[in-house]
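Student: Based on what follows, work out the 3D shape:
(one chain, ligands or ions: 1)
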Amino acid sequence: MPKPYASDWREIMERTDILRLVRDNIRNLEPYSTARDEYRGALGILLDANENPYGEGLNRYPARLLRSQLLERIASLKGFAPEQVFLGNGSDESIDLCYRVFCRPGIDNAVAIAPSYGMYRVCADVNDVAYRAVPLEPDFSLPVDRLLAAADGNSRLLFICSPNNPTGNAFPEADIRALLERFPGMVVLDEAYADFSGQGSLSRLLAEYPRLIVLQTLSKAWGLAGLRIGITLADPRIITLFDRVRYPYNIGTDTLALALRSLDPVRTAAEVATLKAERKMLIDKLKGFRCILHVFPSDANFLLVQTPDPKGLYRHLLADGIIVRDRSTTAGCGPALRLTIGTPEENQKLLQSLQAYERQA
Ligand SMILES: *Cc1c(COP(=O)(O)O)cnc(C)c1O
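Tutor: Okay, here's the model as predicted:
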């Protein structure tokens, strides 16, 4: 993969705003380089990496070429240049990299909405970065002013998940723009569920805001959670930093090859359409149950529902072999369960189990 700006790296660092948010040690990092990075010719006799010479491919470290092929494929699917795309071991790696690149342990802080995806806080704790959780409004809308009020001169990251997990709602573009205009650090927009939202992705805002980092993933709509591939879209300078800090071989050979073979936009679009139709069906049906107090609107492939006895309903469903997520101890959700939209058959089984629950109650 070409490393943009490599030659005048430090000079660009000095004079560019977003790079002033980068930790000094990361800005000055000499990344690990492998012998094969320097050798671009046809593959010869490989005596450089202490691999076992016997084998049919997996005896070798992952090839650069395979990684750049997947990168180019994903970049073209997303409508971005490869220089604007980073591939990580799931978005979870990118969340961690945001902290490692931008936040000085014990000094800087991150601001985030609550409730939201649990990994933002876990990675903050791992990296010894203070985490300032700002509750969503009671209707789950974005508290723009309170998010900005929570920030100070050491706020390097703002995490916004849209559509948000676990509340399911997407936030309006105008609110995201307001945060991008006024938040003093990097704005990380996690779009793991954007494929299920009518609003779609806001990644086009990257053209206007270099402080935006968009996280996407192959784990949800693309149906490849087992592969562990996360996609980060950002300014090429940030992508270069992520590539310098990541482990040299963060995605294995088989994973890269399988991803290249499995990416199928036509199949994905058809599955997303089915899941959205099932979502609508489930919302309508669930509203007819006495044991469901409230179904929140959803732009994602799950529904957050409130029920008088979430633990009891959870156990009932479990006894029927249906596993859902209990969110009743998550602040801001109320007595809630989170239900992923399954296949039509699975969703019917869920409804049947709910009917049985109501009959016995
Ligand atoms: C599921 C999910 C992800 C995906 O994480 P991966 O590591 O890419 O599997 C990211 N963000 C949110 C909010 C999620 O719910």
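Student: can you pull the buried residues of the longest helix anywhere in the chain?
Tutor: In the chain, with assignment by DSSP state H, the single longest helix is helix 265-286. Of the residues in helix 265-286, T268, E271, V272, L275, K276, E278, R279, L282, I283, K285, L286 count as buried by neighbour count, 16 or more other Cβ atoms under 10 Å. The way it works is simple: take the backbone N, C-alpha and C, and place the C-beta from them, glycine included.
Student: Enumerate the residues of the stretch 1-150 of the chain near the ligand.
Tutor: G90, S91, D92, Y117 (Cβ under 6 Å from any ligand atom).
Student: Let me see the backbone angles for L233.
Tutor: phi -110, psi 130 (degrees, to the nearest 10).
Student: same deal with A114?
Tutor: When read as degrees, to the nearest 10, the backbone of A114 gives phi -140, psi 140.
Student: One more: Q216?
Tutor: According to degrees, to the nearest 10, Q216 has phi -130, psi -180.
Student: So what pairs up with A110 in the strands?
Tutor: On the basis of DSSP bridges, A110 is bridged to Y131, L157.
Student: so who does it touch?
Tutor: 99, 103, 120, 124, 129-132, 155-159 (Cβ atoms under 8 Å, 6 or more residues apart in numbering).
Student: Give me the distance between the residue of the stretch 251-361 of the chain found nearest the ligand and P135.
Tutor: Nearest to the ligand, among the residues of the stretch 251-361 of the chain, is A300, at 8.3 Å (Cβ to the nearest ligand atom). According to Cβ to Cβ, to the nearest Å, A300 and P135 sit 20 Å apart.
Student: These two: which has the busier surroundings?
Tutor: A300 (29 against 13; other Cβ atoms under 10 Å).
Student: List the contacts of the more buried one.
Tutor: So A300 contacts P163, N164, N165, G168, Y193, F196, S197 (Cβ under 8 Å, 6+ apart).
Student: Show me the subset of these that also lies near the ligand.
Tutor: N165.
Student: ok so, going back, show me which of the contacts of A110 is closest to T340.
Tutor: Nearest to T340 among the contacts of A110: Y120, at 20.4 Å, using Cβ to Cβ.
Student: The closest one is in what secondary structure piece?
Tutor: Per DSSP states H and E: Y120 is located in helix 119-126.
Student: now I213: how far from L66?
Tutor: According to Cβ to Cβ, I213 and L66 sit 25 Å apart.
Student: give me phi/psi at the residue of the stretch 251-361 of the chain closest to the ligand?
Tutor: The phi/psi pair for A300 (degrees, to the nearest 10) is phi -120, psi -170.
Student: With A234 instead?
Tutor: The phi and psi values for A234, taken as degrees, to the nearest 10, are phi -160, psi 180.
Student: same thing with L212?
Tutor: Here is the backbone geometry of L212 (degrees, to the nearest 10): phi -90, psi 140.
Student: got the contact list for it?
Tutor: L180, M186, V187, L189, L205, L206, A234.
Student: What's the local residue count around the fifth one?
Tutor: Read it as L205. L205 has 16 neighbouring residues, counting by other Cβ under 10 Å.
Student: could you measure the closest residue to it other than its chain neighbours against A269, distance?
Tutor: Nearest residue to L205, sequence neighbours excluded (Cβ to Cβ, 6 or more residues apart in numbering): L212, at 5.7 Å. Distance, L212 to A269, by Cβ to Cβ: 25 Å.
Student: Verify the contact between D96 and V126 for me.
Tutor: Yes - contact criterion Cβ atoms under 8 Å: D96 and V126 qualify, at 7.2 Å.
Student: So the two - more neighbours on which side?
Tutor: Between D96 and V126, D96 has the larger neighbour count (other Cβ under 10 Å), namely 21 against 13.
Student: Could you verify that that one is part of a helix?
Tutor: Yes - D96 sits within a helix when classified using DSSP: H, G, I helix; E, B strand; the rest coil.
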